[in-house]
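A.B. asks: the sequence and its predicted three-dimensional model are supplied below.
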Amino acid sequence: MKFSVCTVDRELSKDVPFPLRGNSYEECAKKAEQLGFHGIELQIQDPRDYNGKELKRILDSHGLEASAVTTGLAYTLEGMSMTHPDKKVRDATVERLKRQLDLAKELNSQILIGYLRGRKVPGQSDQNFEDILTETLGKVVEYGASIETPTVFEQINRYDGDVFNSTERTMGFLEKFNSDWLLYNGDTYHMLSEDPDVPAAIRRSLSKLVLFHVSDEGRNLPDDQHFDFYQAARVLREANYEKWVTIECKPLPDVETATRRGIEYLKKVFC
């Protein structure tokens, strides 16, 4: 397995679960290399603000890969959404995701869609929400396939997302696209409330699993009190899983400590 950490190059609240932070991705990459990570997950709000070739140079110079280009800041900071009631906003979101895919291709990586899928509006049915998301996600996946760059879709629990909460429900949605360019991100934080049989959920996802986020209750570092991470790691090892395992937690008590403890925990449990 390859170990990664969620990183961000700007000031955000400590409630946001990106442990490694800096004033630039070069600063983040330097620290990630020092701690022994194989890659970093980049939070990219607008890819037009970045030079893909320069980001790739930075990663290469520190012996790192981009585990994913994550898209959620466009939702939380701009209100973009793949299921927004306004078609103009949906169309703009699709175009933004295409540019995210272009950046990910330059980094030999993939994009990750979580919060950017959006939320249901009052009175909206699950089926209508799914129909709209099917249309917009289909356009994104089609473009990704044309440039041979994957789109990864995240499971999100019922408190933070709608409809696609459990592993089973999310995998069933992804499989209807019948695309090798649409893949899956499992997340232990969401599994806590949505997947009563974690080993079965992980096995269900293996055909598309390329990102596995390690995060405890409250988006904190694992403390082995709420989730059996050893059990999850055992299932991944038995399946010869060789993709990304990423620490995603709040930067508490501080960035340095959270990031260091994160890699120590991944090496202890998932190696």
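C.D. replies: Noted; the coordinates are in hand. All values reported here derive from a predicted model rather than from experimental measurement.
A.B. asks: ok, now how distant is the residue lying closest to Arg158 once chain neighbours are set aside from Asp126?
C.D. replies: What sits nearest to Arg158 in space, not counting adjacent residues and going by C-beta to C-beta, 6 or more residues apart in numbering, is Asn165, at 4.7 Å. Yep, even glycine has a C-beta here, placed from its N, CA and C like the rest. As defined by C-beta to C-beta, to the nearest Å, Asn165 lies at a distance of 11 Å from Asp126.
A.B. asks: compare these two and say which is more crowded by neighbours.
C.D. replies: Asn165 (19 against 12; other C-beta atoms under 10 Å).
A.B. asks: contacting residues around that one?
C.D. replies: For Asn165, the contact set (C-beta atoms under 8 Å, 6 or more residues apart in numbering) comprises Gln155, Ile156, Asn157, Arg158, His190, Glu194.
A.B. asks: from those, which land in helices?
C.D. replies: Those of the contacts of Asn165 mapping onto helices are His190, Glu194, per DSSP state H.
A.B. asks: nearest to Ser24, of the contacts of Asn165?
C.D. replies: Nearest to Ser24, judged by C-beta to C-beta, of the contacts of Asn165 is Ile156 at 28.8 Å.
A.B. asks: per-residue pLDDT, the closest one?
C.D. replies: If you check Ile156, the pLDDT there is 97.
A.B. asks: in this structure it contacts Gly114, no?
C.D. replies: Yes: counting by C-beta atoms under 8 Å, Gly114 is a contact partner of Ile156 at 6.0 Å.
A.B. asks: which residue ranges of this structure form helices?
C.D. replies: 25-35, 52-61, 73-78, 87-106, 126-146, 167-175, 188-194, 198-205, 229-238, 255-270.
A.B. asks: distance to Asp9 and mean pLDDT for those helices - can I get that in a markdown table?
C.D. replies: Converted to a markdown table, those look like this (distance: least, C-beta to C-beta, whole Å; pLDDT from 0 to 100):
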| stretch | distance to Asp9 | mean pLDDT |
| --- | --- | --- |
| helix 25-35 | 5 | 98 |
| helix 52-61 | 10 | 98 |
| helix 73-78 | 11 | 97 |
| helix 87-106 | 14 | 98 |
| helix 126-146 | 24 | 98 |
| helix 167-175 | 29 | 98 |
| helix 188-194 | 23 | 95 |
| helix 198-205 | 30 | 96 |
| helix 229-238 | 28 | 97 |
| helix 255-270 | 12 | 98 |
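A.B. asks: reformat those as CSV; add distance to Arg119.
C.D. replies: CSV is the format used below for those (distance: least, C-beta to C-beta, whole Å):
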stretch, distance to Arg119
helix 25-35, 29
helix 52-61, 30
helix 73-78, 9
helix 87-106, 13
helix 126-146, 9
helix 167-175, 16
helix 188-194, 15
helix 198-205, 23
helix 229-238, 28
helix 255-270, 28
